[in-house]
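[1] Got a predicted structure plus its sequence, pasted below:
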Amino acid sequence: MHKTAVIVEDDPDIRHLIVEVLEAAGFSTVSVGNGIDGVRAVLSYQPLITTLDVNMPGIDGFEAARRIRAQSDTYIIMITGLEEEADVVLGLGAGADEYVVKPFRPRELRARVESLLRRPRATGSSAAAAPRQDAAGPSFPGARPAAQPQFDAAPTSPVFDERIMTPVYTDPQQPQPGAAVVVPQTNGPQYGAPPYGVPQQGMPPQGMPPQGGHPGTAVAPASATPPVGGPGWTVHRDLAVHAEHRMVLVAGRELTLTRTEFDLLSTLMESKRRVRSKADLTLVLRGESYVTSYFVGEADKRAIEAHMTNLRRKLGDNPNNPRYIETVRGVGYRLTSETVASA
């Protein structure tokens with residue numbers, strides 16, 4: 001399979017620039033101009049990377065990120081002109097892994113993409129929705145036409161609903177190597193059809209197999225949760241983290257975190273009472289060592305703050321009277337003391 005990226009951007013010039021950056025990084029690209037088509041393209045092509053603008057026709061980037069994250073484990077990079085802290089928090093809370101403010105520097109965008117790819121992917125059912133992809137050569141949208149429909153073999157499922165646009169009878173998860181696919185835009189939501197991704201009664205969601213798998217195929221039982229306190233577990237009060245299985249338990253209840261939130265929590269759990277600065281945590285998420293030559297900007301630090309806000313909210317942790325993670329003002333974060341009275 002090939003590395004695929006879906007680009008959701010309504011500005012043609014910016015879309016072309018993102019295409020060039022990602023193709024130089026070895027991706028085949030699929031470009032769309034609004035949020036509705038963006039969600040559909042992600043579910044059809046199962047890309048490794050998805051870039052999202054925020055202000056677009058139809059649905060905005062925040063809503064598109066929520067819909068994508070509910071059904072795909074693709075890495076989401078928001079590229080937008082909105083730079084207020086509230087917008088960054090909203091974007092990361094909607095499921096984005098990175099938040100890049102326009103105008104962006106192409107080399108920095110490529111570095112952020114490569115940083116995301118160094119992070120371990122989640123395991124389990126969510127990872128099954130987005131298979132690992134190998135490298136592919138660059139493509140040049142202006143030099144090659146998009147892949148043409150092929151009718152010489154039995155057709156597979158069309159890329160999009162035939163009520164909305166002409167289906168392309170190729171394997172949607174494998175765009176033609178070296179070709180950038182530009183998906184025609186639709187005029188916003190289709191009023192007369194059920195919301196995309198919402199199954200009709202008795203039918204599974206689009207892109208998901210029927211419950212129970214294929215006929216005649218036995219469904220493998222879920223692996224048993226390793227006992228808390230055994231090998232691989234890091235425990236702080238009633239919070240337990242298993243780095244290898246990427247599991248989080250709070251008072252025995254399993255908690256669902258994003259990939260970035262888990263990496264932050266796992267890092268703090270390993271560090272215990274040692275303070276980790278925002279710059280330090282930024283480099284951990286990039287998969288880089290703490291070397292002063294690496295650039296960590298204010299936007300990176302704000303992103304860490306936003307991720308920590310979301311993480312604390314999911315943990316039910318009050319930053320004013322923390323049970324798990326405390327802020328060392330002007331420095332960073334660390335675990336609370338085991339001896340502090342619980343909130």
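    Good, I have the coordinates. All of these numbers come straight from a predicted model, not from anything done at the bench.

[2] Low-confidence ranges, this structure, go.
    By pLDDT under 70, the low-scoring segments of the chain are 1, 121-226, 229, 288-295, 340-343.

[3] The helix ranked longest in it packs against which elements?
    Scanning the chain for the longest helix, with DSSP state H as the assignment, gives helix 298-315. On a contact count with 3 or more C-beta pairs under 8 Å, 6 or more residues apart in numbering; DSSP states H and E, helix 298-315 meets helix 85-93, strand 98-101, helix 259-271, helix 278-286, strand 325-328. C-beta here means a position set from N, CA and C on the backbone, and glycine is covered the same way.

[4] Can you tell me the strand partners of the last one and which way each runs?
    For strand 325-328, sheet partners with direction are given as strand 332-335 (antiparallel), following DSSP bridges.

[5] what helices or strands is the helix or strand where Asp37 lies leaning on?
    Assigning secondary structure by DSSP states H and E places Asp37 in helix 35-45. Helix 35-45 sits against strand 4-8, strand 28-32, strand 49-52, helix 61-71, with contacts defined as 3+ C-beta pairs under 8 Å, 6+ apart.

[6] rewinding a little: just the C-alpha atoms of the longest helix of the chain, please, in CSV.
    What follows is helix 298-315, C-alpha atoms only, in CSV (Å, rounded to 0.1, in the frame of the first residue of the first chain):
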residue,chain,number,x,y,z
GLU,A,298,5.0,29.7,21.6
ALA,A,299,2.4,27.9,19.4
ASP,A,300,3.9,24.6,20.5
LYS,A,301,3.7,25.5,24.1
ARG,A,302,0.1,26.6,23.8
ALA,A,303,-0.7,23.3,22.1
ILE,A,304,0.8,21.4,25.1
GLU,A,305,-1.4,23.6,27.4
ALA,A,306,-4.5,22.7,25.3
HIS,A,307,-3.7,19.0,25.3
MET,A,308,-3.1,19.1,29.1
THR,A,309,-6.5,20.9,29.6
ASN,A,310,-8.3,18.1,27.6
LEU,A,311,-6.3,15.4,29.4
ARG,A,312,-7.2,16.8,32.9
ARG,A,313,-10.9,17.1,31.9
LYS,A,314,-11.0,13.4,30.8
LEU,A,315,-9.3,12.4,34.0
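
[7] List the buried residues in it.
    300-308, 310-312, 314-315 (16 or more other C-beta atoms under 10 Å).

[8] what kind of secondary structure is the closest residue to Leu249 other than its chain neighbours in?
    In space, and not counting its chain neighbours, Leu249 is closest to Ala240: 4.4 Å by C-beta to C-beta, 6 or more residues apart in numbering. Classification of Ala240 by DSSP: H, G, I helix; E, B strand; the rest coil places it in strand.

[9] how far away is Ala240 from Arg253?
    Counting by C-beta to C-beta, to the nearest Å, the gap from Ala240 to Arg253 is 10 Å.

[10] which residues are contacting stretch 253-272?
    Stretch 253-272 has contacts (C-beta atoms under 8 Å, 6 or more residues apart in numbering) with 69, 73, 92, 95, 97, 119-122, 225, 234, 236, 239, 241, 243, 246-249, 276, 281, 284-285, 304, 307-308, 310-311, 314-315, 325, 333-335.

[11] Could you pull out the buried residues of it?
    255, 257-269, 271.

[12] Kindly report the same for stretch 279-287.
    So stretch 279-287, judged by 16+ other C-beta under 10 Å, has buried residues 279-286.

[13] quick check, nearest of those residues to Asp60?
    The closest of the buried residues of stretch 279-287 to Asp60 turns out to be Leu285 (C-beta to C-beta; 25.4 Å).

[14] My read is that Pro322 contacts Leu335, right?
    No. Judged on C-beta atoms under 8 Å, Pro322 makes no contact with Leu335 at a distance of 9.2 Å.

[15] So the two - more neighbours on which side?
    A count of neighbours by other C-beta atoms under 10 Å puts Leu335 above the other of Pro322 and Leu335, at 23 against 17.

[16] Bridged to the more buried one, which residues?
    Leu335 has the following beta-bridge partners by DSSP bridges: Ile325.

[17] any idea how far it is from Met269?
    Per C-beta to C-beta, Leu335 is found 7 Å from Met269.

[18] which neighbours do these two share?
    His236.

[19] May I have stretch 96-105 as PDB, with CA atoms only?
    Extracted in PDB, the C-alpha atoms of stretch 96-105 (Å, rounded to 0.1, in the frame of the first residue of the first chain):
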ATOM      1  CA  ALA A  96      -6.700  17.100  15.900                       C
ATOM      2  CA  ASP A  97      -3.100  15.900  16.600                       C
ATOM      3  CA  GLU A  98      -1.400  19.100  15.400                       C
ATOM      4  CA  TYR A  99      -2.600  22.700  15.000                       C
ATOM      5  CA  VAL A 100      -0.700  24.900  12.500                       C
ATOM      6  CA  VAL A 101      -1.500  28.600  12.100                       C
ATOM      7  CA  LYS A 102      -1.500  30.300   8.600                       C
ATOM      8  CA  PRO A 103       0.700  31.600   7.100                       C
ATOM      9  CA  PHE A 104       2.700  28.500   7.700                       C
ATOM     10  CA  ARG A 105       6.300  27.600   6.700                       C
END
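
[20] quick one: buried residues of it?
    Those would be 96-101, 104, for stretch 96-105 by 16+ other C-beta under 10 Å.
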